[in-house]
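Student: Need coordinates for the below:
(one chain, ligands or ions: 1)
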Amino acid sequence: MTIDIPHFKMLLQNERERLLRELAGLGHVNPANVSDWEATPEDRDTMRADKNEAADAVEEYESRAAVEVTLENHLQNITAALERIENNTYGVCRIGGEAIEEDRLEANPAATTCKAHLEE
Ligand SMILES: [Zn+2]
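Tutor: From the prediction side, this is the model:
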């Protein structure tokens, strides 16, 4: 059985676009490295009379940064999967070299291992 590459390529591209849109709402691309995104602090008046308000802003920035890192890691996995499609190595378990089950790819098109080698 051969896997439906164009189908998974479409899923990956859609996911990539969704992640890029989410990242664009959270931060900006590092000008020195276009694959690196950085969270930006919320655009507000930086002169703060109230210390609590400043602390809230720091906390909010930290949570945005954490979300940003998660999205960026996911984006890297998606990009790597698209590269595997280009290299004709998509859908191959990176541990055992066997074909990854199609339902596993359906659940996670960026999967790099078969079910037997699934790492938690
Ligand atoms: Zn395997």
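Student: Buried residues in stretch 53-68, which are they?
Tutor: Using 16 or more other Cβ atoms under 10 Å as the burial criterion, the residues of stretch 53-68 that qualify are Arg64, Ala65, Glu68. In short, each C-beta sits where N, CA and C put it, glycine included.
Student: Save those as TSV, and put in pLDDT and secondary structure too.
Tutor: Formatted as TSV, the buried residues of stretch 53-68 follow (pLDDT from 0 to 100; DSSP: H, G, I helix; E, B strand; the rest coil):
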residue	pLDDT	secondary structure
Arg64	89	helix
Ala65	90	helix
Glu68	92	helix
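Student: sec struct for the closest residue to Thr79 other than its chain neighbours, please.
Tutor: Computed as Cβ to Cβ, 6 or more residues apart in numbering, the closest residue to Thr79 that is not its neighbour in sequence is Arg16, at 6.9 Å. What DSSP: H, G, I helix; E, B strand; the rest coil gives for Arg16 is helix.
Student: and Arg16, what does it touch?
Tutor: Leu75, Ile78, Thr79, Leu82 (Cβ atoms under 8 Å, 6 or more residues apart in numbering).
Student: Near the third one, how many other residues are there?
Tutor: If you count neighbours by other Cβ atoms under 10 Å, Thr79 ends up with 15.
Student: And for the first one?
Tutor: Applying the criterion other Cβ under 10 Å, we find 20 residues in the vicinity of Leu75.
Student: give me the element the nearest residue to it once chain neighbours are set aside is part of.
Tutor: Distances taken as Cβ to Cβ, 6+ apart put Leu19 closest to Leu75, at 4.6 Å, once the chain neighbours are dropped. Leu19 belongs to helix 5-26 when assigned by DSSP states H and E.
Student: likewise Val69?
Tutor: Assigned by DSSP H and E, Val69 falls within helix 51-86.
Student: Show me what that helix is packed up against.
Tutor: helix 5-26, strand 37-39 (3 or more Cβ pairs under 8 Å, 6 or more residues apart in numbering; DSSP states H and E).
Student: which is the next helix or strand following it?
Tutor: Helices and strands here follow DSSP H and E; after helix 51-86, the next one along the chain is helix 102-107.
Student: just the residues of the chain that are near the ion, which are they?
Tutor: The chain comes close to the ion at residues Cys93, Ile95, Gly96, Cys114, His117, as judged by Cβ under 5 Å from the ion.
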